[in-house]
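Asker: fold the following for me, if possible:
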Amino acid sequence: MNDLQARLLVIFKAFHDVCEKHHLRYFLNGGSCLGAIRHKGFIPWDDDIDVMMPREDYEKYLTLQKEYEGTPYFIQWWKSDPHYTYGYAKLRDSSTTFIEDHFKNHRINHGVWIDIFPIDGMSKEPIPREKCAKKVKFIWRQFYLSYLPALMRKPQKKTWFKDIMIDIAVAIPYLFDIAHFRNKRMDKYAKKLKMEECALSGNLFGYTFKRAAMDSDIFSDFVYVQFEDMQARVMKRYHDYLTCIFGDYMKLPPIEQQVGHHYNKGFSLTEGYKEYMSKKHK
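Answerer: You can find the predicted model right below:
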């Protein structure tokens, strides 16, 4: 376990403890679930932790910032951080810094984080799950627009006019979205169907598209499994879940694919993002 993974584990434990205290359901998600089953902890090259929660539990969790009073932990979502544009939440450690490439121009909390995704209903009928992919694609069309500030550029002497025009083109739609029109739209769309009333449910905010929808019963119960030095929750039917997402999930990927997928423009495990960024811009 490297230093980043060690810090992620500490953040995850803070999340886990609050869920235990308030009897909220959660499951390790995606590569974190795979890591728990295949490696009993992190996938060796992984650089994040993902969890998912049934929508009802997810929305209760978003109201529990008071549980982290006196700590550096911050529940980040579009209502708690005005310039955060994703439709799912993160638990951030504000005493650290990890500035993702595509958020480098966003004025948000840039602490190291774990991702927290809601589980929503996707179809009341047991249709082929590939047909639910359009729901995920709708969400991601909204996401792509949230990257607009990352396209902003510092005007250069030879290209100043072009640079300024690009900045204006980027800034106008972003400024007019200050009320989070897209997030409200995504929220309303995602919550249209309740997991408990659906044959198929899943994570509309993930990257799996055609593989996102699955039997809602997969999310009905959990078991504890080893994750590094703690016991964490995964779906009781984790085999079915992991097979849906990864296929032959016990098989290691080719060596060239054994890499992390988060890139940064600033990183520190010893300095909070506010201090880090103030020094950078002096």
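Asker: where does residue 119 land in three-state SS?
Answerer: Using DSSP: H, G, I helix; E, B strand; the rest coil, the structure places residue 119 in strand.
Asker: in contact with it: list those residues for me.
Answerer: Residue 119 makes contacts with 52-55, 58, 195, 201-203, 219, as judged by Cβ atoms under 8 Å, 6 or more residues apart in numbering. Just so you know, the C-beta spots here come from the backbone N, C-alpha and C atoms, and that holds for glycine as well.
Asker: and those, which of them are in strands?
Answerer: 52-54, 201-202 (DSSP state E).
Asker: how close does residue 213 sit to residue 71?
Answerer: 36 Å (Cβ to Cβ, to the nearest Å).
Asker: who's more crowded, those two?
Answerer: Neighbours per residue, other Cβ atoms under 10 Å: of residue 213 and residue 71, the larger number sits with residue 213, 29 against 11.
Asker: tell me the spacing between the more buried one and residue 193.
Answerer: Taking Cβ to Cβ, one finds residue 213 at 11 Å from residue 193.
Asker: find residues that contact each of those two.
Answerer: 122-123.
Asker: would you tell me what the next helix or strand after the helix or strand where residue 172 lies is?
Answerer: Assessed by DSSP states H and E, residue 172 sits inside helix 160-176. Once the chain leaves helix 160-176, the next helix or strand it forms, by DSSP H and E, is helix 181-190.
Asker: any buried residues in that next one, and which?
Answerer: 182-183, 186-187, 189-190 (16 or more other Cβ atoms under 10 Å).
Asker: confidence-wise, which of these comes last?
Answerer: pLDDT across these is lowest for residue 182, at 78.
Asker: chain neighbours aside, what residue packs nearest to that residue?
Answerer: In space, and not counting its chain neighbours, residue 182 is closest to residue 142: 4.6 Å by Cβ to Cβ, 6 or more residues apart in numbering.
Asker: what's the host helix or strand of the one you found in contact with?
Answerer: Per DSSP H and E: residue 142 is located in helix 133-145. The set of residues external to helix 133-145 that reach it, using Cβ under 8 Å, 6+ apart, is 85-87, 122, 173, 177, 182, 185-186, 189-190, 204-206, 208-210, 212-213.
Asker: could you dump the ones in strands among the contacts of residue 119 to JSON lines with pLDDT, neighbour count and distance to residue 102?
Answerer: Below are those laid out as JSON lines (pLDDT from 0 to 100; neighbours: other Cβ atoms under 10 Å; distance: Cβ to Cβ, whole Å):
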{"residue": "52", "pLDDT": "98", "neighbour count": "27", "distance to residue 102": "22"}
{"residue": "53", "pLDDT": "98", "neighbour count": "26", "distance to residue 102": "25"}
{"residue": "54", "pLDDT": "97", "neighbour count": "23", "distance to residue 102": "29"}
{"residue": "201", "pLDDT": "97", "neighbour count": "28", "distance to residue 102": "28"}
{"residue": "202", "pLDDT": "96", "neighbour count": "31", "distance to residue 102": "24"}
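Asker: please produce CSV containing those, extended by distance to residue 253.
Answerer: Below are these laid out as CSV (distance: Cβ to Cβ, whole Å):
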residue, distance to residue 253
52, 22
53, 27
54, 30
201, 27
202, 22
